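[1] Dropping a prediction and its sequence here:
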There are 4 protein chains.
Amino acid sequence: MARKLDEEKRSRIIDAAKDAFGTLGFQQTTIKRIAAATGIAQGTVYTYFGSKEELFTAVVAGIWQRFTDGLNEINLRSGPLTRKFTEFLDFGFDLLVQIHPLLRGMYTEANRKELLREKVEVICRYIDELFVSADAGPLLFGELGEDSRRFNLNMMVSGVLFRTSITKPEDLNGEIEQLKSGILKGLGERALFGGLS
Amino acid sequence: MARKLDEEKRSRIIDAAKDAFGTLGFQQTTIKRIAAATGIAQGTVYTYFGSKEELFTAVVAGIWQRFTDGLNEINLRSGPLTRKFTEFLDFGFDLLVQIHPLLRGMYTEANRKELLREKVEVICRYIDELFVSADAGPLLFGELGEDSRRFNLNMMVSGVLFRTSITKPEDLNGEIEQLKSGILKGLGERALFGGLS
Amino acid sequence: MARKLDEEKRSRIIDAAKDAFGTLGFQQTTIKRIAAATGIAQGTVYTYFGSKEELFTAVVAGIWQRFTDGLNEINLRSGPLTRKFTEFLDFGFDLLVQIHPLLRGMYTEANRKELLREKVEVICRYIDELFVSADAGPLLFGELGEDSRRFNLNMMVSGVLFRTSITKPEDLNGEIEQLKSGILKGLGERALFGGLS
Amino acid sequence: MARKLDEEKRSRIIDAAKDAFGTLGFQQTTIKRIAAATGIAQGTVYTYFGSKEELFTAVVAGIWQRFTDGLNEINLRSGPLTRKFTEFLDFGFDLLVQIHPLLRGMYTEANRKELLREKVEVICRYIDELFVSADAGPLLFGELGEDSRRFNLNMMVSGVLFRTSITKPEDLNGEIEQLKSGILKGLGERALFGGLS
DNA sequence: GATGAATGAGACTTCATTCAT
DNA sequence: AATGAATGAAGTCTCATTCAT
């Protein structure tokens, strides 16, 4: 037998690619750089991924996979809404830190934009159901109707992604803290007004 | 007279650049294309702008200038909050349609990100003051505290920009209609609940 | 036994290579493709042939071997000139169909050209002897002297190879029919003029 | 005004390309090499020719143009068939020396093959008309019918091209001498037999 | 011996920028 | 000041060959 296709190497490439795409965006990232960061030859990247584009897609797919896996796991747990939502926030923002560098790269081409829009939709639906199933819809945005609630939720999620994507890596942790506490503070205030737990 | 000629040529370059950057993004836009669209020689672009990057910045600056000019003008008008805000929305989204293609290009480099963050801040402050000075803060996001109101406002503005930037040009008008009506609907519902006008 | 396995694998490689070189030419043929077609690993090709070039040479050598074997066999048969020559034509053109795709690859490098020149020489000598030994030299190109006859013969053979090599695969059979009938028609007409059989 | 597109530079590129394509074939020839031989930057080649393929085509077109120009000029002259044909031979072979390196490159791709086949057709027609209009058809290949005469002529022209394309550059002059004298000798001998001048 | 992943040189082409005219 | 040809660095991807397994 010859050397086997190395799952670990594949994942090292993805990691390096994630960093690089993140730091420089899709266009400015070079295969050379990714290869160097992985410690392999340029050509070897093409053993694992057919093209730069394919590599990018694989990076995004991997992250999203981890995200949905995490959501499912959280859903299986029992516990009050507050805890579930906090867990969701922690998990989601943790992952966002990792996605962060990639977000920018996703604005660029039509198909990737579509990808992103779709993901946002999924996230919003997840959160909405979380609250509605706990009979706590108003916690989200007060006594608005369903449409308005969903609209505001979508804006909120979109806003988080936007602010994240225009934040420099070194400021990211601080920014995320602010976002989290901003969200939770709003929930808390509404709970006060609405007498919800 | 020569000066006037120059200014006019400079602005023709900026116009062509705006279109091109918009259609293709920063990276894929070539100076050659911009020059051709302007009807001048490639080299001449460098008489007016030191580099592609500088040209991009100038394009953004131009748009922003028009935006703040517009805001000031609206402010000078008198009228009820509702009308002012509607005018603001109309004006802002109109401009957004024009910026739209450029937004993407602004996520890419550190300095551009900072630029964008700054602009968002300005917009939020403007809206907040618009409502607060009309004594209509709660219209925005209910009876939340000042911090939460500002946070939600920022998320809303960020969300609009995010959604806009992941929308394909051909879908843009529809998307903007949805955003506008979503915003106004929320305001309307809050007015009902709060008995505000 | 091991030896036998080897020989068989070697010849399978040659067959795949013949097809590949034929279809795509030397440059565009990849070792990977040949390996895949053979059902072995890329690296294994190098166990049997030192380089792509060497493999190409082996392919040509194999074909030529079959050609000379065929000629010898025809020579051993008895029969009138006409029949022998027709058999030669049929056999030669049959093989040519198989070589066809390779011909192109032989114009490229100096050593291969020399190879080709040499083969043409052999073919011409064979034909000339066939006719001369049957006392039918004039059939070939009329009452020309020996030198001229040989020259014309060489041109004819060269011409066949040339026309073949600029014929697209899908037109090859038609072209060969034309060449054959052109050759035979000439012989027939000369036989009429010269009263030869 | 800026530097003008330089016709002389263009032709220097073509010359360098002719040599390179000839020496190495289409595939192995690199733009880098051509640029270096011309003494310009690699990128500059693309100012004059859109692609390597386009450059190749231009090279061939240029040569063919000179060829047909030459034929027309010879046709305009008056004089006996012998002189005209000798002039044709001299001119044709002179040019062939220059084409020589390119011939190989023309066997490779379908469209180029078609090109070549077409050119051969033109040449044959020219020669045939030259002899027939001088009422000297039999000089070509004896008393054969029209079809056979044309067939043999085509084989002869094809044969010349074939032999030329498998001749190494350093042997080319010798080879051409042999081809010329072989052709002329055949004509001479037929003239003797047929009593033609 | 067989395997096929790894290598890395190198190919074509693009394009921001420069600079001779 | 305007022009646009020239530059050359750089990018993605291919592939013959090597070599660890």
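    Ah, there it is. Residues are numbered from 1 along each chain as shown, chains lettered A, B, ... in the order given.
[2] pLDDT at A:Glu109, what is it?
    Model confidence at A:Glu109, given as pLDDT, is 63.
[3] Also A:Phe56?
    A:Phe56 is assigned a pLDDT of 91 by the prediction.
[4] Can you tell me how far it is from A:Ile63?
    In this view, A:Phe56 and A:Ile63 are 11 Å apart by Cβ to Cβ, to the nearest Å. C-betas here are computed from N, CA, C, even on glycine.
[5] For the two, indicate the residue with more neighbours.
    Taking neighbours as other Cβ atoms under 10 Å in any protein chain shown, A:Phe56 and A:Ile63 compare with A:Phe56 leading, 22 against 17.
[6] wait, that one sits on A:Gly22?
    No - counting by Cβ atoms under 8 Å, A:Gly22 is not a contact partner of A:Phe56; they are 11.0 Å apart.
[7] is any part of stretch A:22-34 close to DNA strand E?
    No - Stretch A:22-34 lies out of reach of DNA strand E by Cβ under 7 Å from any atom of the strand, never closer than 8.1 Å.
[8] Which residues in that stretch does the neighbour count mark as buried?
    By neighbour count on 16 or more other Cβ atoms under 10 Å in any protein chain shown, the buried set for stretch A:22-34 is A:22, A:24-26, A:29, A:31, A:33-34.
[9] And for stretch A:32-40, what's in contact with it?
    For stretch A:32-40, the external contacting residues (Cβ atoms under 8 Å, 6 or more residues apart in numbering or on different chains) are A:9, A:12-13, A:15-17, A:19-20, A:24, A:41-42, A:44-45, A:55.
[10] Give me the below-cutoff pLDDT ranges for chain A.
    Applying pLDDT under 70 to chain A flags the ranges A:1-3, A:104-105, A:108-113, A:194-197.
[11] And the helices in it?
    Counting by DSSP state H, chain A has helices at residues A:7-28, A:31-38, A:42-48, A:52-76, A:81-103, A:110-133, A:137-141, A:146-165, A:172-194.
[12] who in chain A is up against DNA strand E?
    Residues of chain A lying close to DNA strand E by Cβ under 7 Å from any atom of the strand are A:1-6, A:9, A:40-44, A:46-48.
[13] how near is A:Leu71 to A:Val132?
    Look at A:Leu71 and A:Val132: by Cβ to Cβ, they are 16 Å apart.
[14] Pick out whichever of these two has more residues nearby.
    Neighbours were counted for A:Leu71 and for A:Val132 using other Cβ under 10 Å; A:Leu71 has more, 18 against 13.
[15] Isn't that one up against A:Tyr126?
    Yes - proximity of A:Leu71 to A:Tyr126 meets the contact threshold set by Cβ under 8 Å, at 5.8 Å.
[16] Next, the contact list for the most centrally placed residue in chain A, please.
    With distances taken as Cα atoms, centre = their mean, chain A has A:Leu96 as the residue nearest its mean C-alpha position (4.2 Å). By Cβ under 8 Å, 6+ apart, the residues touching A:Leu96 are A:160-161, A:164, A:176.
[17] Chain D: which of the contacts of stretch A:32-40 is nearest?
    Checking the contacts of stretch A:32-40 against chain D with Cβ to the nearest Cβ, the nearest one is A:Gln42 at 19.4 Å.
[18] Neighbours of the residue lying closest to the closest one once chain neighbours are set aside, how many?
    Distances taken as Cβ to Cβ, 6 or more residues apart in numbering or on different chains place A:Ala35 nearest to A:Gln42, at 4.5 Å, with adjacent residues excluded. A:Ala35 has 19 neighbours, counted by other Cβ under 10 Å.
[19] Find the closest residue to DNA strand E in chain A.
    Nearest residue of chain A to DNA strand E, counting by Cβ to the nearest atom of the strand: A:Gly43, 1.8 Å away.
[20] right, and A:Leu115 touches A:Leu103 too?
    No - counting by Cβ under 8 Å, A:Leu115 stays clear of A:Leu103, with 11.5 Å between them.
[21] Neighbour count: those two, which is higher?
    Under the criterion of other Cβ under 10 Å, the comparison of A:Leu115 against A:Leu103 puts A:Leu103 first, with 21 against 17.
[22] if we can go back for a sec, what subset of the contacts of stretch A:32-40 is buried?
    Here, 16+ other Cβ under 10 Å leaves A:9, A:12-13, A:15-17, A:19-20, A:24, A:45, A:55 buried among the contacts of stretch A:32-40.
[23] Show me the two of the residues you listed that sit farthest apart.
    Greatest spacing in the buried ones among the contacts of stretch A:32-40, by Cβ to Cβ: A:Lys9 and A:Leu24 (22.0 Å).
[24] Make JSON lines out of the helices of chain A and add distance to B:Glu146.
    Formatted as JSON lines, the helices of chain A follow (distance: least, Cβ to Cβ, whole Å):
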{"stretch": "helix A:7-28", "distance to B:Glu146": "35"}
{"stretch": "helix A:31-38", "distance to B:Glu146": "46"}
{"stretch": "helix A:42-48", "distance to B:Glu146": "51"}
{"stretch": "helix A:52-76", "distance to B:Glu146": "32"}
{"stretch": "helix A:81-103", "distance to B:Glu146": "23"}
{"stretch": "helix A:110-133", "distance to B:Glu146": "25"}
{"stretch": "helix A:137-141", "distance to B:Glu146": "18"}
{"stretch": "helix A:146-165", "distance to B:Glu146": "18"}
{"stretch": "helix A:172-194", "distance to B:Glu146": "11"}
